[in-house]
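S.K.: Mind folding the following:
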Amino acid sequence: MAAPGEAWIEAFGLEWPYPLFDYQRDGIERLLSHRSVLLADEMGLGKTIQTVAGLRILSARREIERALIVCPVGLIAQWRRQIRIWAPDLSVSTAVGAKDQRKACWRAKATLYLSSFESARADLNAQSVGARRSWDVVVVDEAQRIKNAKSGVAAVVKSLERSRSWALTGTPLENRLEDLLSVLDFAAPGEFDPNGMGVGLRSLLGRVQLRRRRAEVLRDLPPKFGSVIALDLATAQRAAYRKAEEKGTVWLHSLGRELRISHVLELILRLKQICNFCPETGDSVKLDDLRHRLEEFRTSDAKALIFSQFVEEPFGVLRLARELHEFRPLVITGGMDQPARSAAFDSFERDQARRVMVLSLRAGGTGLNLTAASRVIHFDRWWNPAVETQAEDRIHRIGQTRPVGVFAYVCTETVEERIATILEEKKALFADLIDGVPTPSLGRLDLDTLLRAAAPAY
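M.R.: Residues are numbered from 1 along each chain as shown. Sure thing, here's the model as predicted:
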């Protein structure tokens, strides 16, 4: 198959640094031929490369003069790197940093303008210099970040005047249908009719969404296998859990009409923390099991990523890093600056002696390539299966040569079992709507019922 835009390569002398996979060529062609695109390939299939190549060809065709790319701040460096590799002839202005610096960047003459969600929300409103111009293309990377239609950043990017809308995300539906509808409202504004739920939504997805799964397009990608590790809490840890559960239940009942969902979440959070570490003795059945597994991984030369939703002592990433000091773990949290994060990632990739990295789920779960590892461990689990999948796909992607093992801890007879059930229900909803796998138990439900099924039950 000829590379996309072959005639334009000949006409404008475009060269590509590496061969493109057939599915990437198809993705680029979709971007070139459609103004509304939800590029929903699974993580690790090169959505960034396809987008940069598409922008370069459109620029060579003189169909665009300026395009805006909005992404998480932690991915700015990755976007700049891919632009340097795949579109070195396109000028880039990066609008991040201090306010005066951003203002100068918006005014600079460039083809591509690159900004973070936070900077875009602050700058691209009706009063800003950036918002007064029209855009030939607006790209939103990690588009699940605009899943809340009422958020400031969602309102800003949707309000931008643009000729093309490209949304990039491997998880367009994270928790509920409203997530997907908000992303579609950017990618294809005004095209969804809520009265046409079911056929209407599926029809729109069929026209706008392009989704490929790794198993379908990367035949040589090693398999990924998963395992839930069910553990019984030890005596002291079980006693602490029951004490907190009983005390918390009495507290919730005492609130009466003042009871709010935030109160329930507060109790659930406390119980999940105790499942990690006993607050009184420091005991942890998860940590005991984890140490044995890491010793096994070490004998096989495997590297491991350990994820937790918690960061601080005494229940999260920092506690884990301290307890696992004999493995010399590297640490990634949201509080680290970009140079420190980059140094940790480089050390993990290059130094064979650094076998373990402990990461907060949010800070380490998106936009990274960590194929040096072949094991993922979820020390605790979040409500959202898409977030877990994003974390796992940091290693199960192009460049991985080993089978990938994923392990998730669940403490029996605790709130963690209920969370595991909810995660499976949400995965079924995602498969039905995004991957197109029929789920009979969900297919007959109306919108309100689906939303309730997708929401956490407490």
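
S.K.: which phi and psi does residue 330 have?
M.R.: Phi and psi for residue 330, reported as degrees, to the nearest 10, are phi -90, psi 150.

S.K.: Pairing partners for it in the sheet, please.
M.R.: residue 357 (DSSP bridges).

S.K.: unless I'm mixing things up, it is touching residue 350, no?
M.R.: No: counting by CB atoms under 8 Å, residue 330 stays clear of residue 350, with 11.6 Å between them. Heads up, the C-betas are built off the backbone N, CA and C, glycines and all.

S.K.: more crowded one of the two?
M.R.: Remark: of residue 330 and residue 350, residue 330 carries more neighbours, 19 against 9, as counted by other CB atoms under 10 Å.

S.K.: Show me where the stretch 151-300 of the chain dips below the pLDDT cut-off.
M.R.: 174-175, 193-199, 215 (pLDDT under 70).

S.K.: Which residue ranges of the chain form strands?
M.R.: With strands called from DSSP state E, the chain shows them at 36-39, 67-71, 92-95, 112-116, 135-141, 162-168, 209-210, 224-231, 304-308, 330-332, 356-360, 375-378, 404-411.

S.K.: and these as CSV, adding distance to residue 106?
M.R.: As requested, those are arranged in CSV below (distance: least, CB to CB, whole Å):
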stretch, distance to residue 106
strand 36-39, 25
strand 67-71, 10
strand 92-95, 5
strand 112-116, 7
strand 135-141, 12
strand 162-168, 16
strand 209-210, 30
strand 224-231, 42
strand 304-308, 36
strand 330-332, 31
strand 356-360, 32
strand 375-378, 39
strand 404-411, 41
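
S.K.: Please list all residues in contact with residue 223.
M.R.: Counting by CB atoms under 8 Å, 6 or more residues apart in numbering, residue 223 makes contact with 403, 404.

S.K.: circling back to that earlier point, which of the strands of the chain comes out lowest on mean pLDDT?
M.R.: Lowest mean pLDDT within those: strand 224-231, a mean of 83.

S.K.: Read off the pLDDT value for the residue lying closest to residue 153 once chain neighbours are set aside.
M.R.: Leaving aside its sequence neighbours, residue 153 sits nearest to residue 121 (CB to CB, 6 or more residues apart in numbering; 4.3 Å). Per-residue confidence (pLDDT) for residue 121: 90.

S.K.: neighbours around residue 309, how many?
M.R.: 23.

S.K.: shouldn't it be in contact with residue 380?
M.R.: Yes: in this structure, residue 309 is within contact of residue 380 by CB under 8 Å, at 5.7 Å.

S.K.: Now for these two: what residues contact both?
M.R.: Common neighbours of residue 309 and residue 380 are listed as residue 272 (criterion: CB under 8 Å, 6+ apart).

S.K.: Please tell me I have it right and residue 407 contacts residue 230.
M.R.: No: applying CB under 8 Å, one finds residue 407 not in contact with residue 230, separated by 11.3 Å.

S.K.: Looking only at neighbour counts, state which of those two leads.
M.R.: Each of residue 407 and residue 230 has its neighbours counted (other CB under 10 Å); residue 407 has more, 19 against 14.

S.K.: nearest spatial neighbour of the more buried one, skipping sequence neighbours?
M.R.: Nearest non-adjacent residue to residue 407, counting by CB to CB, 6+ apart: residue 377, 4.9 Å away.

S.K.: Give the full set of residues in contact with that neighbour.
M.R.: Neighbours of residue 377 in contact, by CB under 8 Å, 6+ apart: 290, 293, 304, 305, 306, 307, 406, 407, 408, 409.

S.K.: run the last query once more with 10 Å
M.R.: Contacts for residue 377 (CB atoms under 10 Å, 6 or more residues apart in numbering) come out as 229, 286, 289-290, 293-294, 297, 304-308, 320, 356, 358, 405-409.

S.K.: Would you list the buried entries among those residues?
M.R.: Burial by neighbour count, 16 or more other CB atoms under 10 Å: within the contacts of residue 377 this picks out 229, 286, 290, 293-294, 297, 304-308, 320, 356, 358, 405-409.

S.K.: so what's the residue lying closest to residue 110 once chain neighbours are set aside up against?
M.R.: Setting aside the residues directly before and after it, residue 110 is nearest to residue 93 in space (CB to CB, 6+ apart), at 3.9 Å. Counting by CB under 10 Å, 6+ apart, residue 93 touches 66, 102, 104-115.

S.K.: Show the buried residues in those.
M.R.: The buried subset of the contacts of residue 93 - by 16+ other CB under 10 Å - is 66, 102, 105, 106, 110, 111, 112, 113, 114, 115.

S.K.: where's stretch 214-231 relative to the chain centroid, distance-wise?
M.R.: Centroid separation for stretch 214-231 versus its chain: 18 Å, with CA atoms, centre = their mean, to the nearest Å.

S.K.: actually stretch 28-41, not the one I wrote
M.R.: 20 Å.

S.K.: Counting neighbours, which bits of that stretch end up buried?
M.R.: Applying a neighbour-count criterion of 16+ other CB under 10 Å, the buried positions in stretch 28-41 are 28, 29, 30, 31, 32, 34, 36, 37, 38, 39, 40, 41.

S.K.: first to last residue in it, what's the distance?
M.R.: This stretch, stretch 28-41, spans 12 Å end to end (CA to CA, to the nearest Å).

S.K.: could you pull out the helices for the stretch 151-300 of the chain?
M.R.: Here the stretch 151-300 of the chain has its helices, by DSSP state H, counting those that start in this stretch, at 152-159, 177-187, 199-208, 214-217, 235-254, 261-276, 285-299.

S.K.: what's in contact with the shortest one?
M.R.: For helix 214-217, the surrounding residues in contact (CB under 10 Å, 6+ apart) are 21-24, 26-27, 41-45, 221, 223-224, 393, 396-398, 400.

S.K.: Name the residues of it that come out as buried.
M.R.: Within helix 214-217, the residues scored as buried using 16+ other CB under 10 Å are 214, 217.

S.K.: hey, C-alpha coordinates of it in CSV?
M.R.: Provided in CSV are the C-alpha atoms of helix 214-217 (Å, rounded to 0.1, in the frame of the first residue of the first chain):
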residue,chain,number,x,y,z
ARG,A,214,-3.8,-3.6,19.4
ALA,A,215,-4.8,-7.3,19.1
GLU,A,216,-6.3,-6.6,15.7
VAL,A,217,-3.6,-4.5,14.1
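
S.K.: could I get the buried residues of stretch 28-41 as JSON lines with distance to residue 88?
M.R.: Converted to JSON lines, the buried residues of stretch 28-41 look like this (distance: CB to CB, whole Å):
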{"residue": "28", "distance to residue 88": "17"}
{"residue": "29", "distance to residue 88": "22"}
{"residue": "30", "distance to residue 88": "24"}
{"residue": "31", "distance to residue 88": "19"}
{"residue": "32", "distance to residue 88": "20"}
{"residue": "34", "distance to residue 88": "26"}
{"residue": "36", "distance to residue 88": "28"}
{"residue": "37", "distance to residue 88": "24"}
{"residue": "38", "distance to residue 88": "28"}
{"residue": "39", "distance to residue 88": "22"}
{"residue": "40", "distance to residue 88": "28"}
{"residue": "41", "distance to residue 88": "24"}
